[in-house]
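Q: this is a predicted model, with the sequence first.
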Amino acid sequence: MRRSTVTRRVDAPSSVVWDVVVDLDAWPAWGPSVRSAELADGGRRLRDGATGTVLTAVGATVPFAVTDWVDGTRWSWDVAGLPATSHVVRPTGPDSCEATFEVPWFAIPYLLVCRVALGRIADLAEVVRD
């Protein structure tokens, strides 16, 4: 499936950024479209094969399933049964990385939301790093 991307450089190690994007407690802080999320097993850290629900900013609760996982580097998910964002973290140095969101072609307008999310992720990761 064709996908479009938005990327941001982050002045923090890739491991710090990864921790931000897989910590469900952090999702509302960086995700403009997320109020909260829960894993089916009650955990708070996303992992390979995880399923759960996300409460959206508009108040709808929808199911999700992690569909692709490369630990420390990439995760993708389906939300409400549809392919959704992929989250990619690539180191560019010992204390820097690039964070990228990929969206399916039919969700290209969502890249604007993803750009905001990347800025918030950078802010969170850079604070943790300091």
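A: Yes, it's here.
Q: give me the beta-bridge partners of the nearest residue to A80 once chain neighbours are set aside?
A: Closest residue to A80 apart from its sequence neighbours, by CB to CB, 6 or more residues apart in numbering: V62 at 4.2 Å. Using the backbone N, CA and C atoms, a C-beta is placed for each residue, glycine as well. V62 has these beta-bridge partners by DSSP bridges: V54.
Q: can you tell me how far V62 sits from V88?
A: As defined by CB to CB, to the nearest Å, V62 lies at a distance of 23 Å from V88.
Q: the two: which has the busier surroundings?
A: V88 (19 against 13; other CB atoms under 10 Å).
Q: would you confirm that the more buried one belongs to a strand?
A: Yes. Assessed with DSSP: H, G, I helix; E, B strand; the rest coil, V88 lies in a strand.
Q: correct me, but it touches E102?
A: Yes. Counting by CB atoms under 8 Å, V88 does reach E102; the two are 6.8 Å apart.
Q: who's in contact with the residue nearest to A80?
A: 53-54, 56, 79-80 (CB atoms under 8 Å, 6 or more residues apart in numbering).
Q: hmm, 6 Å instead?
A: Listed by CB atoms under 6 Å, 6 or more residues apart in numbering, the contact set of V62 reads 54, 79-80.
Q: give me the buried entries from those.
A: Buried subset of those (neighbour count, 16 or more other CB atoms under 10 Å): 54, 79.
Q: may I have the beta-bridge partners of the residue nearest to V21 when sequence neighbours are not counted?
A: In space, and not counting its chain neighbours, V21 is closest to H87: 5.0 Å by CB to CB, 6+ apart. Taking DSSP bridges as the rule, H87 bridges to W75, F101.
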